Each structure stands twice: as structure tokens, then as C-alpha cells.
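> Sequence and predicted structure, then a few things I'm wondering about:
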Amino acid sequence: MNTAKACLVGTRGEILTEIVNWIGSTNVDVPRVFWLSGLAGQGKSAIAHTVAAWFRDLGGLCACFCFARDRKADRLHEKIFITIARDLADCDPSLKRAFVEVISKNRSLKSTPDIMQQWQRLIVEP
């Protein structure tokens, strides 16, 4: 997360409110993932950095992953779920134990380009 990339104060209020409402919803029908999409330069990264900073400051952020076109290492889609799993493990000892068990049974999860397998084994199942 990079707070220098956050939204300017007073901008993007509608989408930020939508995301905060999604995060705070207790409705079981609310999707578990909020997919923010759009063309390059429309502010997706600024929105993500803003929300991440807000919830980090509230003590509610455990993981944040943003792709960066200008940094090759941050463009690798294979890193998204292993990075999120590592960050979640740092926040929750029970998840850490679950991840250790999953990865000890399948070490290739740490480096596989199969992000669907990573999603299922590291995010959905634990």
C-alpha cells in the first residue's frame, strides 16, 4: 500500500462509500470479493490505496495487494494469493496454522502459475 497514491480528499466519494458499505455489510448474500475494474488511469489504484489506508488505520486491514505496471515484480499475477495468504497468516494465528498445513501438503502452491488452485487452497478452503 502506498498512501501517496490515495485519492485526493473529497474525490471518488460514491465508489468509496459503496466499498465501505460492502465491507461493513453483514448480509450473507453480499459477495466475498469486491472486484474493482476499469480502464487504465481511471483511479482504481487510488481507490484501493485509499480504502486500504482507512482500514489499516482502524486496525482492520490484514492484506493488500496492488499491481504496479512500473515494477515488474508487482505485475506477476502468480503472487497475488500467496501474498494475501502470507499477510493474513501474519494477522491470524489460526490461519497461519491452516496455511502451514496446506502448504506442507503441496509446496508447489508457493510458486505455481495456477492462480485458481492458489485461490481455492489458500483463500477459500482455510
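Cool, got the structure. Computed from a predicted structure; not experimentally measured.
> Count the residues that sit near residue 47.
When counting by other Cβ atoms under 10 Å, one arrives at 20 neighbours for residue 47. For the C-beta atoms, the positions are set from N, CA and C on the backbone; glycine is no exception.
> measure it to residue 98 for me?
Using Cβ to Cβ, to the nearest Å, residue 47 is found at 30 Å from residue 98.
> Please apply the same query to residue 18.
For residue 18, the distance to residue 98 - Cβ to Cβ - is 31 Å.
> Compare neighbour counts for these two and give me the winner.
Comparing residue 18 with residue 98 by neighbour count (other Cβ under 10 Å), the higher total belongs to residue 98, at 17 against 12.
> Could you look up the SS state of the more buried one?
For residue 98, the secondary-structure state derived from DSSP: H, G, I helix; E, B strand; the rest coil is helix.
> residue boundaries of the helices in this structure?
All helices of the chain, identified by DSSP state H, fall at 13-24, 44-57, 80-91, 93-105, 115-118.
> do you know which of those helices lies nearest residue 4?
helix 44-57 (8.2 Å; Cβ to Cβ).
> helices or strands up against the closest one?
helix 13-24 (3 or more Cβ pairs under 8 Å, 6 or more residues apart in numbering; DSSP states H and E).
> Flag every buried residue along the helix it packs on.
15, 19 (16 or more other Cβ atoms under 10 Å).
> All set now, cheers.
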